[in-house]
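Asks: Below: sequence and its predicted model.
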Amino acid sequence: MPAGEVIALAPGPHLAGAAGLLPVLQAIARLGVELAALPGVKALVWSPAASWVAPELFRRSIGDWLAGGAFPGLALTSLERERNGAMVSRGLHLLIGQEVRFEPDKRLPSAAMARLAVRLIHELVQSGPLMFERDFKGPEGEHLLAVPVRDGTQIRILLSGLGNG
C-alpha cells in the first residue's frame, strides 16, 4: 500500500445487506469518482475485487457506466489466473452471488479469455444470477457454455466452439 491517508467507503449498518444492489453500488462508485479527482490520489481500492485501480481509469470507467455505458468489469471486478490456466473472477459475487470461471482451453488465448469474461460479467450484472445452463456467443463468434456449479456460487464457462467471426 502506498504511504498516505486511506479513506474507505462502505454502506452504513442500515444498508449493509444491500451493498450489492446496483443503486447502492452506484452511489458508492459515484463518491469514488469524486474522490479520485482529488490531487495526490494514488489508487482506488475496490475491496470486493481485491483490486487497485488508477484514479483516471476509475473515473473514466465508472463515469461511462453511470452515464448508461457498460458495467465497469475492469474496475469493480478482477480476474485471477489459477495454476492450471483457469481464469476466475473476483468481486462479481457481491452483485449476483456468483463468480465466473473460465476453464483452461488452448484454443482461447488469455487476452481473449479476459475480454470474454468482461463481456459476460456485464451481461450477468444486467440479467442477474445464472440459475440454469445457458449458451452465450462471443463477439468473434465464440460459442460458450455457461453452467452453474458449486451449489450455484460459480459459473463454469466452457468453450464449445469457435465461429467464423
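Replies: Thanks, I have it.

Asks: Any regions of the chain where pLDDT drops low?
Replies: 1-3, 161-165 (pLDDT under 70).

Asks: Recalculate using a threshold of 80.
Replies: 1-11, 16, 161-165 (pLDDT under 80).

Asks: Please enumerate the helices of it.
Replies: Using DSSP state H, the helices of the chain run over residues 22-36, 55-66, 73-76, 93-96, 110-127.

Asks: Now do the domain split for the protein, please.
Replies: 13-72, 77-161 (automatic domain parsing).

Asks: Figure out how far stretch 49-62 is from the centre of its chain.
Replies: Computed by Cα atoms, centre = their mean, to the nearest Å, the separation of stretch 49-62 from the middle of its chain amounts to 12 Å.

Asks: that older thread, could you say which of the helices of the chain is packed most deeply?
Replies: helix 73-76 (a mean of 24; mean count of other Cβ atoms under 10 Å). C-betas here are computed from N, CA, C, even on glycine.

Asks: most centrally placed residue in this protein?
Replies: Geometric centre of the chain, nearest residue: Thr77, 3.0 Å, by Cα atoms, centre = their mean.

Asks: Give me the nearest residue to that one, chain neighbours excluded.
Replies: Gly91 (4.0 Å; Cβ to Cβ, 6 or more residues apart in numbering).

Asks: Repeat that for Ala36.
Replies: Spatial nearest neighbour of Ala36, excluding adjacent residues (Cβ to Cβ, 6+ apart): Pro55 at 4.0 Å.

Asks: Distance check, that neighbour against Pro72.
Replies: Computed as Cβ to Cβ, to the nearest Å, the Pro55 to Pro72 distance reads 14 Å.

Asks: okay but Leu76 is in contact with Ala49, surely?
Replies: Yes - using Cβ atoms under 8 Å as the test, Leu76 is close enough to Ala49 to be in contact (6.1 Å).

Asks: Now list whatever residues contact both of the two.
Replies: Residues touching both Leu76 and Ala49 (Cβ atoms under 8 Å, 6 or more residues apart in numbering): Gly91.
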